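**Q** what follows is a predicted structure for the sequence shown.
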Amino acid sequence: MRFQDDLISRFRLAGLIAVSLLVGPAYGEEVRSRPQVEKRIPASGKEALQCPAPGAGEMPRAAAPKREVSCYVDWPRAAEMLRSPAAVAIDVRPAATYTASHLPGALNIATDQIKSKSFLAGKPMLVYGSGRSDPRLEELCAEMKATKGGGGLKILSGGMVAWARAQGSEPAAPASAPDIRSLAELSATELIAELQAGDSQLVRVSPKYAHPEIDARSVRVEGHLSPDSLAAALQRSKGAKAYRRVVLVGVNDIGRKELQDVLTSSRSGVPVFFYAGDLQQFEASLKQMNALWAKKTKGPVASKCSFS
């Protein structure tokens, strides 16, 4: 029996040697390419695996993409830019939204596909979306600036809302002019995104509309809402951080014409958006987003430094 066991062992050893000769180089490459955290696992019989110091072996976080805020242009500058026959307007919104209304002659191309379109190389490009905060457009602009022939990209500040405001403020607005109310209305989730972006000025229309997250970032309109009262409220916040959009909250009791006048007026200097939902909707969305964010930042449950 002992002789038989010894013979079996010899055959196994011979087989292992043969396999190692056949796949040795490939296997060596695989070992060298293993992550560092795997290479720290000791071979059998060596000292036990030591728990790495905090941070050791963790994949480094990618650097935040560069944002380029200097690419923004207002509608008058955008309109002047589009007078050039070589200029191209690009709508980055979903196809269905683009089909409903868009700038005359605009192409519908997703943000992540613009760089791959060779026919756009060297052309002045006016890129626009819904007008809400969209860091992807700023990142695209920064990347295009670093590309030869791609420095002619500009972002329409306020997007479709800026264009609709210009159309609606004309003495004889065309029948095809888009409905600025539907373009400028924010959902609760979009309002929270504006709060996080930090480049919008919140304006409370109703004194009853009070919430800690809104109060700390807003100014209040005194009296009835009108282009003049909004301009006065914005004047009081002049010392605050520069903003590219105005967001009205607490507009539930405002008449349609009053709101329309404010949305189409140029007195604010920047496009105006509004949130017509109540505080309960806002609070519910805020709690949901905070829960998702907490779950994301917590990450996976850390495993113990043990194989038992």
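**A** Arrived safely, thanks for sending. Since the model is a prediction, treat every value here as computed from it, not as a measurement. Numbers count the residues shown, from 1 in each chain.
**Q** in this structure Ala78 contacts Lys154, no?
**A** Yes. With contact taken as C-beta atoms under 8 Å, Ala78 and Lys154 are classed as touching, separated by 7.1 Å. C-beta coordinates here come from the backbone N, C-alpha and C atoms, glycine included.
**Q** looking at the two, which one has more neighbours?
**A** Neighbours per residue, other C-beta atoms under 10 Å: of Ala78 and Lys154, the larger number sits with Ala78, 23 against 20.
**Q** where does that one land in three-state SS?
**A** The three-state assignment at Ala78 reads helix, by DSSP: H, G, I helix; E, B strand; the rest coil.
**Q** for it, which non-adjacent residue is spatially closest?
**A** Closest residue to Ala78 in three dimensions, ignoring its sequence neighbours and counting by C-beta to C-beta, 6 or more residues apart in numbering: Leu156, at 5.0 Å.
**Q** wait, isn't that neighbour in contact with Ala162?
**A** Yes. Here Leu156 lies in contact with Ala162, judged by C-beta under 8 Å, at a distance of 5.9 Å.
**Q** so these two - more neighbours on which side?
**A** Neighbours were counted for Leu156 and for Ala162 using other C-beta under 10 Å; Leu156 has more, 30 against 23.
**Q** dump the residue contacts of the more buried one.
**A** Under the criterion of C-beta atoms under 8 Å, 6 or more residues apart in numbering, the neighbours of Leu156 are Tyr72, Val73, Trp75, Ala78, Leu126, Val127, Tyr128, Gly131, Ala162, Trp163.
**Q** any idea of the mean pLDDT in the one helix or strand the last one maps to?
**A** Element membership of Trp163, judged by DSSP states H and E, is helix 159-168. Per-residue confidence for helix 159-168 averages out to 89 on the pLDDT scale.
**Q** right, and the helix or strand after that helix?
**A** For helix 159-168, the following helix or strand on the C-terminal side (DSSP H and E) is helix 180-184.
**Q** for the record, mean pLDDT for that following helix?
**A** Here the mean pLDDT over helix 180-184 is 92, rounded to a whole number.
**Q** mind listing what's buried in that helix?
**A** When neighbours are counted by 16 or more other C-beta atoms under 10 Å, the buried residues of helix 180-184 are found to be Ile180, Arg181, Leu183, Ala184.
**Q** which helices and strands sit right next to that helix?
**A** Packed against helix 180-184 by the contact rule (3 or more C-beta pairs under 8 Å, 6 or more residues apart in numbering; DSSP states H and E) you find helix 159-168, helix 256-264, strand 272-275.
**Q** what ranges does the stretch 151-300 of the chain have for its helices?
**A** For the stretch 151-300 of the chain, applying DSSP state H, counting those that start in this stretch gives helices covering 159-168, 180-184, 188-197, 212-215, 227-236, 256-264, 279-298.
**Q** show me the protein divided up by domain.
**A** Per automatic domain parsing, the structural domains of the chain span 66-168, 179-300.
**Q** wait, Val137 sits on Ile114?
**A** Careful, residue 137 is Leu; it's not Val. No. Applying C-beta under 8 Å as the test, Leu137 and Ile114 come out as separate, 9.6 Å apart.
**Q** of the two, who's got more company?
**A** Set side by side, Leu137 and Ile114 give different neighbour counts by other C-beta under 10 Å, the larger being at Leu137 (23 against 20).
**Q** confirm that that one sits in a helix.
**A** Yes. Following the definition three-state DSSP, Leu137 is counted among the residues of a helix.
**Q** if we ignore the residues flanking it in sequence, what's nearest it?
**A** The spatial neighbour of Leu137 that comes closest, neighbours along the chain excluded (C-beta to C-beta, 6+ apart), is Ile155 at 5.1 Å.
**Q** which ones are touching the one you found?
**A** Cys71, Tyr72, Val73, Leu126, Val127, Tyr128, Leu137, Glu138, Cys141.
**Q** farthest pair in these?
**A** By the measure C-beta to C-beta, Leu126 and Glu138 form the most distant pair in these, at 14.7 Å.
**Q** out of the two, which sits in the busier spot?
**A** Neighbour comparison, Leu126 and Glu138: the larger count goes to Leu126, with 22 against 19 (by other C-beta under 10 Å).
**Q** paired strands for the helix or strand hosting the more buried one, with orientation please.
**A** Element membership of Leu126 [criterion: DSSP H and E] is strand 125-128. With DSSP bridges as the criterion, the sheet partners recorded for strand 125-128 are strand 88-91 (parallel), strand 153-156 (parallel).
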